[in-house]
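Participant: Okay, predicted coordinates and the sequence, questions at the end:
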Amino acid sequence: MNGIRIMKGLQWRSFSRCAILRQEVAQAAPSLTIPVPEGVDKPVSPKIEKIVSEITTLNLLEVSELSQVLKKRLNLPDAPVMPMGGFAMAAPAAQDEEEATPKAVKTSFTVKLTKFDDKQKVALIKEVKSLLEGFNLVQAKKFVESVPTVVKADVSKDEAEKLKEALTKVGGIIEIE
């Protein structure tokens, strides 16, 4: 008989524990929220809504003062001010880096025939024929008449200067890039 009473007492305790747990879960359930689907504005608490509506009524000076007070109270560092142009402040920093690093020396150049003197056209065609390998007289003539054209690309500075000097003597106007 005592065994039955003990069993009923244990059953009662476990039943009462279940009831207490149910009550706790029922009380906690209102704090659980269902996530808001995409594209729908998330509901805002009335307290936040009130603060936002009060802030939107402030003028520019009051907003500045509010910002300073919040920075002090929340211990926030001053954020850098972005100019109207966006990232315009980043350009001088990049310029400083370029000055600090040595500039790369250009090793390959392109020789370009931009114009020529019509009076010396024949001499220029002959010079192009002799300077450029594999050109016959007809190809050299078409080459000269199709200015602006690249005479040679990816050449050393010395070779580019020699080509410029030779073609300039016969009426060509040359650019080295």
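Facilitator: Good, I have the coordinates.

Participant: quick one, helices of the chain?
Facilitator: 2-28, 46-56, 60-74, 90-100, 121-131, 137-145, 157-169 (DSSP state H).

Participant: Could you tell me the least trusted of those?
Facilitator: Lowest mean pLDDT within the helices of the chain: helix 90-100, a mean of 54.

Participant: Can you get me a residue count around residue 166?
Facilitator: By other CB atoms under 10 Å, 15 other residues sit near residue 166. Every residue, glycine included, has its C-beta placed from N, CA and C.

Participant: nearest residue to residue 120 other than its sequence neighbours?
Facilitator: If the residues on either side of it in the chain are set aside, residue 120 comes closest to residue 171, at 3.0 Å by CB to CB, 6 or more residues apart in numbering.

Participant: contacting residues around that neighbour?
Facilitator: Neighbour list for residue 171: 116-117, 119-121, 123-124 [criterion: CB atoms under 8 Å, 6 or more residues apart in numbering].

Participant: switch the cut-off to 7 Å
Facilitator: With contacts defined as CB atoms under 7 Å, 6 or more residues apart in numbering, the neighbours of residue 171 are 116-117, 119-120, 123-124.

Participant: Now, of those residues, which are buried?
Facilitator: 116, 124 (16 or more other CB atoms under 10 Å).

Participant: could the contacts of residue 171 go into JSON lines alongside distance to residue 154?
Facilitator: Shown next, in JSON lines, are the contacts of residue 171 (distance: CB to CB, whole Å):
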{"residue": "116", "distance to residue 154": "23"}
{"residue": "117", "distance to residue 154": "27"}
{"residue": "119", "distance to residue 154": "32"}
{"residue": "120", "distance to residue 154": "28"}
{"residue": "123", "distance to residue 154": "27"}
{"residue": "124", "distance to residue 154": "23"}
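
Participant: gap between the two ends of stretch 46-66?
Facilitator: End-to-end distance for stretch 46-66, by CA to CA, to the nearest Å: 21 Å.

Participant: which residues are contacting that stretch?
Facilitator: Contacts of stretch 46-66 (CB under 7 Å, 6+ apart): none.

Participant: how many neighbours does the residue nearest to residue 121 when sequence neighbours are not counted have?
Facilitator: Counting by CB to CB, 6+ apart, residue 144 is the residue found nearest to residue 121 once chain neighbours are left out, at 6.7 Å. Counted with other CB under 10 Å, the neighbours of residue 144 add up to 22.
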